[in-house]
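In: Turn this into a structure:
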Amino acid sequence: MRPLLQLLVFKDEPSIDQTALEIGNAFSAIKDELSNAVQLLQDEKNRNNPFAITAFDKIVERTRDVNFSKIISWHFLKKEVLLDGIAVAVFCVALLFFPHSYQEALLTLIQPYAMPHSNSVQISVDPGNVRKARGESLVIKATISGEFNTAPVLVSEIVGSGENRMEMTYDIQPDIFNIKLENINASLRYYVALEKFRSNTYYVDVIDLPDVLEQQLYIHPPAYTLLTSDTLDKNVGDAAVFPGSAVEFFVTPNKDIASAKLQISSGDSLPMEKLNSEFYRQIQIKEPIKYQISLRDEHGLTNKSPIEYTITLKEDFPPTVRIDAPGKDMDLDESMEVALRILGEDDFGFSRLELVYQLIKNSGEDTLNPQIKKLEYKTHEVVLLSSSIWDLTSLDILPEDIVEYYVQLFDNDVVSGPKVAKSKTYRLRLPSLQELFTESKATQDEAGSSMEDIYENSREIQERMEDVLQNVLRNQEVKWEDEQAIKETVAKQQQMMHELEQVKENIQEMMDTLDKNDMLAQETLEKYQELQELLEKVASPELKEMMKKLQDALQKMDLQKMQDTLENFQLSQEEFIKNMEKTINLLKQLEAEQKLDEAIQLTEQMIEKQQEINDALEKQNSQSNLEKLAQKQEDQSQTLDNVKQAMESLQQSSEELPQMQLPTEQLSEAQEQANAVGQEMQNATQNMQAGQQSQAKHSGQRVSHELQKMHSSLSKTQQQMQQNQRNEVLEALKKSRRNILRLSKRQESLAGQSAKNDPTEYRDIARQQQDLLSGMQRTAEEMFKLSEKSFFVPPQIGQKFGEAQQKMQSSIDELENIRGDNATREQQNAMNALNGALSELQQAMQDMQGNSPGGSMLDQFLQQLQQMSQQQQGINQGTQQLGMQGQLTPSQSGQLQRLAAEQEALRRSLEQMQAQKESGELLGSLDKIAEDMREAAREMAGRQVDPRTIERQERILNRLLDAQKSVRKQEYSKKRESHSGKEYTALDPGKLPEMKDTEKEALKRDLLRAMRANYTRDYKELIQKYFEALTTDGDVKVTQ
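Out: Got it, this is the predicted structure:
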């Protein structure tokens, strides 16, 4: 077609050179410059010449605004159009007459190389025009039809380069040829040539696939972790994050693209937002994912084989928590308080701490559902600390009930939900009084056995060391056998001291338990405290120092020092043995006296429980309820058996320990009353089991009546015993006071004689001094024997006697050596020591008589409360007897009026005692007791006695008994901890040393004891804060 058009239409078309010359002629500013530049570029050698190209660019830039169209002439087209019209008309006429011939001619014009004749060849090319990504391969297939003798050739040409000819090879069939172009990096055109034939020309358009040029990840951990954001290195797509983290993806592609997506392994396809030349997406990671970045350009092409990245989850570990204190199963005491110290840890923080507890009733009642108590805590970095006092009073725990508890700690994970950690479950148990007394007896038995062993071993040591001393004196050397004996003795003595310290700790622990449960009389507790002081004296620092000197002398092998040390050790050992013997005797007495405390406490408990049984019998009960009450009554009988055993043991101990001064007549009366109580309890149990509630109620009231009588007898027995002991000791102390006073006066007289410095009288003065020393030793021996039987003898008296004995002996030595001045000085010192013993003795007597500062008021109030309790008990008994008579006779009405008057008088006495400042502070508010007394007196005066009156009177008596316990406890606390004020020179102590764990625990126990004391609310809050501060280290912050 092109040759025909060239012939007919464009036969006079000017060449490029001619056009450039015509333009130069038309425009004087251009002239031959355009023609020269065109001619340079037409030369094959100059097509890539930068100078030729630069020259052409310059002329193009100069002629950019020139209008070339004005030099074009259109008149030659008239002739051409006329000739062309004639040719088209002839063509159309011929087409009508010779259509087939013209069709073949037209086909020949269009495809001159594929002319259809018997020897023609047709070439079909696949894929034709195609678009490929840079670097890909292309397979070109040619299908040949017709006759040919040679293989076809692929002719390809990259723009700007020459043609490249490659012979194609056979495929499966002989008429199909193919060739593979590897790693195409530039666009090209191609066709297939075969002999004189060729296919159409096709084009391969090579483009870049979309790809990730750069990516950046930003990780934002969840807020609760308080972690800062993290930026990963460029082109790093793998990451490990905490659940809930926000991850930002920034992707920079290699070219302009239409869209970008995050392809998640879960199947989600998340479109990314275009930001200038980047694409952005943020997602929250809650589970591990794998992802790819998918890019798509405007041609629909995507990035090839995108990299798969992985985002894993870091583990937010659950918290840990433990109950550091108590950290074990334990028994509750009467305070119903437990000091809790809880420690926890978590990697990021906490949201709440809870105490979960459950009461398990021993009575067989349904177990209560678990209760939850929120606890306050403090945090320091990732550590939690909670210190508090848990008050269990509201749970109404009865003896042998159990409270199971644990704590659970929640972390602050708001993404997956707080994770919880639970501590180990512990048990709190409220032991019965009988259990506590049994444990106390076991401790006492063990302590007594240990001290007996120590006593026997001490005597053996004394005898052995006496033999060693005689050997050293006889041989004037320390032989190997003696050296080994000394080493073994020192080691054994040290072991005994350790065992004695353990005994002391066990007794202290027992004392704390008895004190916290208010199980002993005030005087018994004081005796235990004095026993502890005596044990401290037994393991004296002097004895420890003597053992150290003995070891030093043994190492240095100094014969004289060894003899002196052995003699001194023997003296110390003798003192040790005497103190041990005294301690053992006092411990036996204490153990016996404690039996009386046990009987009183158990009786008080039975009175309270019997009142509960009686209250239940006042209501209508089914047979099953009566059987339960019968079981409780049977438990009362078992407790009564324990009381009887305690009284029998006490009776037996009084025979072995006459120094107890036990009033056996009153004890026998209490035993008879116990038998009567047992019979009434048996009747009550049988009535309940038989369903006879009315008779059971009557029997229960008789049990309460007899129990109160028995309690009164036991209390009187204890009071009389203590009074007898006091009287005996007081008489002995008065005798010793007279003796010491006489000795002091004689010592003063001898000192005056020695001061005259008359050597002729020294011999006679020395003889008199020896007589005085013997008299003082006899008095000291009497005091020591008295101290073995009583706790009222202060140990300081023995120290003063020892000092006086030493000074008297020194004065005798000085007189024998005719040194009068020295003798006088020692005699005066001996007199001062005797006066000191006299002062200690006088103070002890005042304490016993209730005249000591700070003790008389407490004793007075306690005595008044005891008298009131006894009076109230008598009123209760009289009221119960009259209340059971039904219709009263005139005589009985008169008795009830007298009881009403006694009740009213007792109320006025109580109000008067409470009005006193000291008693008001000690007793607190007794207004409720006084109000009950007033109401009871009114009912009795109006002859309106009913079960409510009896119950009110029982409540009055119980509250008076509780008030006595409170006063006893305060008295014991004050006597244990109060000291006289002294003046000291103030020195800078410097930094306090770190507390040991044992010291901290001891301080905590003291604080808990203070919490249970009768302090005001402000003081208790202060103690609570101090307790928390004690258990906290480092800077903390409070979390509600």
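
In: What sits closest to residue 590 if chain neighbours are left out?
Out: Take residue 590 and drop its neighbours on the chain: the residue closest to it by C-beta to C-beta, 6 or more residues apart in numbering is residue 527, 5.6 Å away. From N, CA and C alone the C-beta is placed, and that goes for glycine too.

In: Which of the helices or strands spans that neighbour?
Out: Using DSSP states H and E, residue 527 sits within helix 522-538.

In: Run the chain-centre distance for that helix.
Out: Using C-alpha atoms, centre = their mean, to the nearest Å, the distance from the centre of helix 522-538 to the centre of the chain it belongs to is 37 Å.

In: okay, how far is it across stretch 373-381, tip to tip?
Out: End-to-end distance for stretch 373-381, by C-alpha to C-alpha, to the nearest Å: 24 Å.

In: in that stretch, what's buried?
Out: Neighbour-count burial for stretch 373-381, counted by 16 or more other C-beta atoms under 10 Å, picks out 375, 377, 378, 379.

In: State the pLDDT value of the closest residue to the second one other than its chain neighbours.
Out: Nearest non-adjacent residue to residue 377, counting by C-beta to C-beta, 6+ apart: residue 386, 3.9 Å away. With respect to pLDDT, residue 386 has a value of 93.

In: before we move on, the earlier item: quick one: which of the buried residues of stretch 373-381 is nearest to residue 585?
Out: residue 375 (50.2 Å; C-beta to C-beta).

In: So what does that closest one look like in phi/psi?
Out: Phi and psi for residue 375, reported as degrees, to the nearest 10, are phi -110, psi 140.

In: partner residues bridging it?
Out: Beta-bridge partners for residue 375, by DSSP bridges, are residue 353.

In: Can you classify residue 695 as helix, strand or coil?
Out: Assigned by DSSP: H, G, I helix; E, B strand; the rest coil, the conformation of residue 695 is helix.

In: quick one, what contacts the closest residue in space to it that isn't next to it in sequence?
Out: Nearest residue to residue 695, sequence neighbours excluded (C-beta to C-beta, 6+ apart): residue 687, at 4.3 Å. For residue 687, the contacting residues are 693, 695, 696, 699, by C-beta atoms under 8 Å, 6 or more residues apart in numbering.

In: What distance do you get for the residue nearest to the third one when sequence neighbours are not counted to residue 622?
Out: By the measure of C-beta to C-beta, 6+ apart, the closest residue to residue 696 outside its immediate chain neighbours is residue 687, 3.7 Å from it. Distance from residue 687 to residue 622, counting by C-beta to C-beta, to the nearest Å: 15 Å.

In: can you check residue 359 too?
Out: Taking C-beta to C-beta as the measure, residue 359 falls 25 Å from residue 622.

In: Among the two, which residue is more densely surrounded?
Out: Higher neighbour count among residue 359 and residue 622: residue 359, with 21 against 10, using other C-beta atoms under 10 Å.

In: how does this protein divide into domains?
Out: 2-72, 111-207, 212-313, 322-431, 432-592, 740-848, 854-974 (automatic domain parsing).

In: hmm, back to that, am I right that the residue nearest to residue 377 falls within a strand?
Out: Yes. Assessed with three-state DSSP, residue 386 lies in a strand.

In: That one touches residue 341, doesn't it?
Out: Yes. Counting by C-beta atoms under 8 Å, residue 386 touches residue 341, with 7.3 Å between them.

In: Can you show me the helices along the stretch 401-550 of the chain?
Out: 433-475, 480-516, 522-538, 541-556 (DSSP state H, counting those that start in this stretch).

In: looking at those, which is buried most?
Out: For these, the stretch with the most neighbours on average is helix 522-538, a mean of 19; neighbours defined as mean count of other C-beta atoms under 10 Å.

In: Low-confidence regions, the stretch 551-700 of the chain specifically.
Out: 556, 558 (pLDDT under 70).

In: need the helices for it, in chain order.
Out: Under DSSP H, counting those that start in this stretch, the stretch 551-700 of the chain gives helices at 559-617, 623-656, 664-689, 693-754.

In: Could you say which one of the ones you listed comes nearest to residue 929?
Out: Closest to residue 929 of these, according to C-beta to C-beta: helix 559-617, at 16.2 Å.

In: helices or strands next to the closest one in the packing?
Out: Judged by 3 or more C-beta pairs under 8 Å, 6 or more residues apart in numbering; DSSP states H and E, the packing partners of helix 559-617 are helix 433-475, helix 522-538, helix 541-556, helix 623-656, helix 693-754, helix 762-789, helix 947-977.

In: Right, I'll call it a day here.
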